[in-house]
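1. Predicted coordinates and the sequence they were generated for:
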Amino acid sequence: MSALIGSLGGLGLLLNNYTASSLNLFFFWMTWTTLVLSHPPLRVELFVTFIARFIFFFVPALIFTLFDNLVPSLAGKEPYVKSPSQKSLTVPIGRGKKKRVQVSNLNSGTIFAIAMTLGNLLLGIGVQAIMEYITVEIFGRERLLRVSSSLPYPWDMAKGIGYAVVLREILIYYPHKHIHNTPHSPLYKYHTHPRPTTSSFNLTSTTPVDYLLLQFMPVYLPSIMLSFHLLTYLAFVAVTSLVDVICYSQYEYLPKAFFINRIARRVRGHDETGGKGGYGWLGVLDWCYGTEIVWNKGGVMGVGGGGEDGEGITQAVRRGVRNRRASKKSRSDSSD
């Protein structure tokens, strides 16, 4: 009897959770429908895109940056530039215990990085508005991102984001590698990150050209290529923004879920090797082309791929083709 009552109680709890989820989904659909029907599609798209980027990237990056710069001793790492105006304060940590922490003032590089990041985010929104306006108003085509009251299915969203991540990897790797390996390229001088600063703003506080090429377009282009619903695009922006802000925080201990720890190590290795490797986000193309960051047991970094002696797959294929051609040529010469 008690087992039956317990089962009924568990079923009631499950039904309550299902009802609550259904109500939350219903209220979200009502809010979304009201927003879409009461405002022009372009205004809705630009507003919610800025909100997504502001909430999922700018706010956590700002929190990390302020925490790292103002109290570096609590953050567990040193800032890029030690401020000469550091002060030592004693703060209570509970049960009558106290701890001395170093408090620094914000340096000019950090303030510039915050302002530059906000400006680049607004620049991306502006480019998105121009592209939508040209497509719809001038050429009379359908919107690049679908804005409708209907909600996309969760499976379709997950599948689309998976495809977009692969496209984003391609769109980041090749331009990034080209910039670092072509010093005479006009894009080389634009690929800079202002110092001194710290935390995730190193990703977005670069020049506007570099931001559009390596940050904005690799997210926006896959979305319009796959004809994303606006909600799917927002989810893609949220996922990539959160992963970027965590991986570029440069913290030593990060969760291993979704390869976040490996991405963060790749980011750090790319920075410390002076851009000799680690050009991608996931590292698959780095592994194929022999530009993956390799960490030895002693912590010494190198650059290599997934093949023998750190050789990339493409390098191995090219070496095999050269060896085959050389062997054919030697056999033909010997026969003559």
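-> Cool, the structure landed.

2. What number of residues are in the vicinity of the closest residue to Thr182 other than its chain neighbours?
-> Leaving out its chain neighbours, the residue that sits closest to Thr182 by CB to CB, 6 or more residues apart in numbering is Tyr188, at 6.4 Å. The C-beta positions use only the backbone N, C-alpha and C, and glycine is treated the same way. A total of 14 residues lie near Tyr188 under the criterion other CB atoms under 10 Å.

3. Then Arg143?
-> 16.

4. That one and Ala52: what is the separation?
-> As judged by CB to CB, to the nearest Å, Arg143 and Ala52 stand 18 Å apart.

5. Okay, now the unreliable bits of the stretch 101-250 of the chain?
-> Applying pLDDT under 70 to the stretch 101-250 of the chain picks out residues 101-107, 193-199, 250.

6. Recalculate using a threshold of 90.
-> 101-116, 137, 140-141, 148-154, 180-207, 242-250 (pLDDT under 90).

7. quick one on the thing from earlier: compute the distance between the residue nearest to Thr182 and Ile293, please.
-> 21 Å.

8. What are the buried residues along stretch 220-237?
-> Judged by neighbour count using 16 or more other CB atoms under 10 Å, the buried positions of stretch 220-237 are 220-224, 226, 228-237.

9. Give me the contact list for it.
-> 32, 44-45, 48-49, 52-53, 56, 124, 127-128, 131, 144-148, 151-152, 156-157, 160-161, 163-164, 167-168, 171, 219 (CB atoms under 8 Å, 6 or more residues apart in numbering).

10. mind saving the C-alpha coords of it as PDB?
-> Taking C-alpha atoms only, stretch 220-237 is exported to PDB below (Å, rounded to 0.1, in the frame of the first residue of the first chain):
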ATOM      1  CA  TYR A 220      26.100  35.100 -38.500                       C
ATOM      2  CA  LEU A 221      27.000  33.500 -41.900                       C
ATOM      3  CA  PRO A 222      26.200  29.900 -40.900                       C
ATOM      4  CA  SER A 223      22.900  31.100 -39.400                       C
ATOM      5  CA  ILE A 224      21.800  32.700 -42.700                       C
ATOM      6  CA  MET A 225      23.200  29.900 -44.800                       C
ATOM      7  CA  LEU A 226      21.000  27.400 -42.800                       C
ATOM      8  CA  SER A 227      18.000  29.800 -42.800                       C
ATOM      9  CA  PHE A 228      17.800  29.800 -39.000                       C
ATOM     10  CA  HIS A 229      14.700  30.800 -37.100                       C
ATOM     11  CA  LEU A 230      15.500  33.800 -35.000                       C
ATOM     12  CA  LEU A 231      15.200  31.700 -31.800                       C
ATOM     13  CA  THR A 232      17.700  29.100 -33.100                       C
ATOM     14  CA  TYR A 233      20.100  32.000 -34.000                       C
ATOM     15  CA  LEU A 234      19.700  33.400 -30.500                       C
ATOM     16  CA  ALA A 235      20.400  29.900 -29.000                       C
ATOM     17  CA  PHE A 236      23.500  29.600 -31.200                       C
ATOM     18  CA  VAL A 237      24.700  33.100 -30.100                       C
END
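
11. thinking again about what came up before, buried subset of the contacts of stretch 220-237?
-> With burial judged by 16+ other CB under 10 Å, the buried subset of the contacts of stretch 220-237 is 32, 44-45, 48-49, 52-53, 56, 124, 128, 144-147, 152, 157, 160-161, 164, 167-168, 171, 219.
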